[in-house]
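Engineer: Kindly generate the corresponding structure for this input.
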Amino acid sequence: MKLFQIAGALIISSMVITGTDLQAQNTAKSMTAAKKDERPSPPMVAKTNVGGNLEIAITYSAPAAKGRKIYGDLVAFDQVWRTGANETTTIEVSRDSKIAGNGLKKGRYALFTIPGEKEWTIIVNTDADGWGAYKYNKEKDVFRFNVAPSKSSKFYERFTVEITEEGQISLNWENTTVSFNIY
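Structural biologist: I've put the predicted structure just below:
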């Protein structure tokens, strides 16, 4: 690829990009980011460092309860859920780690769940760039494990992910908490 500068325009091979074009692209990116923040389920990131050497980031969108019954109604029992709203929820780890005793290589993964009345299935999957769980493919699962939900100590109007410095990940919404450990 060759770069040329002619009369204030940058020419890359046969493409011409002007300063105005670049400004328009940057404005479009800024508007897209602003629109995400204005969604009814805004984007969120739960991030922490566990043990001083494991960075964890969970990126999700936070829907609100708005007086609705959540589990078993808005979020169906026994069906794969994106674990939030909008884009697929992701978990990123800075080094090889373990979740609930299952080995996980450094990288970024989808975090799906299957809520149940008495048990949830937590799914770590390689397809981290989807929208929701519409194209969920079980064959791309890294692993699954089951945990029991519990009644939360407080009401969570918005779906909220919390990560402690000890490595406990909690998925909270309405009166329900589902927790598991990463190390």
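Engineer: mind giving me the domain split of the chain?
Structural biologist: Annotated domains of the chain cover 3-35, 40-181 [automatic domain parsing].
Engineer: what ranges do the strands span in this protein?
Structural biologist: For the chain, the strands defined by DSSP state E occupy 3-6, 9-12, 15-17, 43-50, 54-61, 90-93, 97-99, 102-104, 107-114, 120-125, 141-147, 150-163, 168-181.
Engineer: Relative to A133, which of these is closest?
Structural biologist: Set against A133 and scored by CB to CB, the strands of the chain come closest in strand 107-114, at 5.8 Å. Any C-beta I mention is one placed from the backbone N, CA and C, and that applies to glycine too.
Engineer: Quick one: mean pLDDT over that closest one.
Structural biologist: Mean per-residue pLDDT for strand 107-114: 98.
Engineer: cool, and stretch 80-90?
Structural biologist: The average pLDDT within stretch 80-90 is 96.
Engineer: One more: stretch 64-71?
Structural biologist: 96.
Engineer: Check stretch 148-155 too.
Structural biologist: The pLDDT scores in stretch 148-155 average 97.
Engineer: Also stretch 128-136?
Structural biologist: The pLDDT scores in stretch 128-136 average 87.
Engineer: sorry, back to before: looking at the domains of the chain, which one is packed in the most?
Structural biologist: Highest mean neighbour count of the domains of the chain: domain 40-181, a mean of 16 (counted as mean count of other CB atoms under 10 Å).
Engineer: before we move on, the earlier item: need the strands of the chain in TSV (columns: distance to K69).
Structural biologist: Shown next, in TSV, are these (distance: least, CB to CB, whole Å):
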stretch	distance to K69
strand 3-6	58
strand 9-12	55
strand 15-17	52
strand 43-50	22
strand 54-61	20
strand 90-93	27
strand 97-99	29
strand 102-104	32
strand 107-114	17
strand 120-125	17
strand 141-147	21
strand 150-163	13
strand 168-181	8
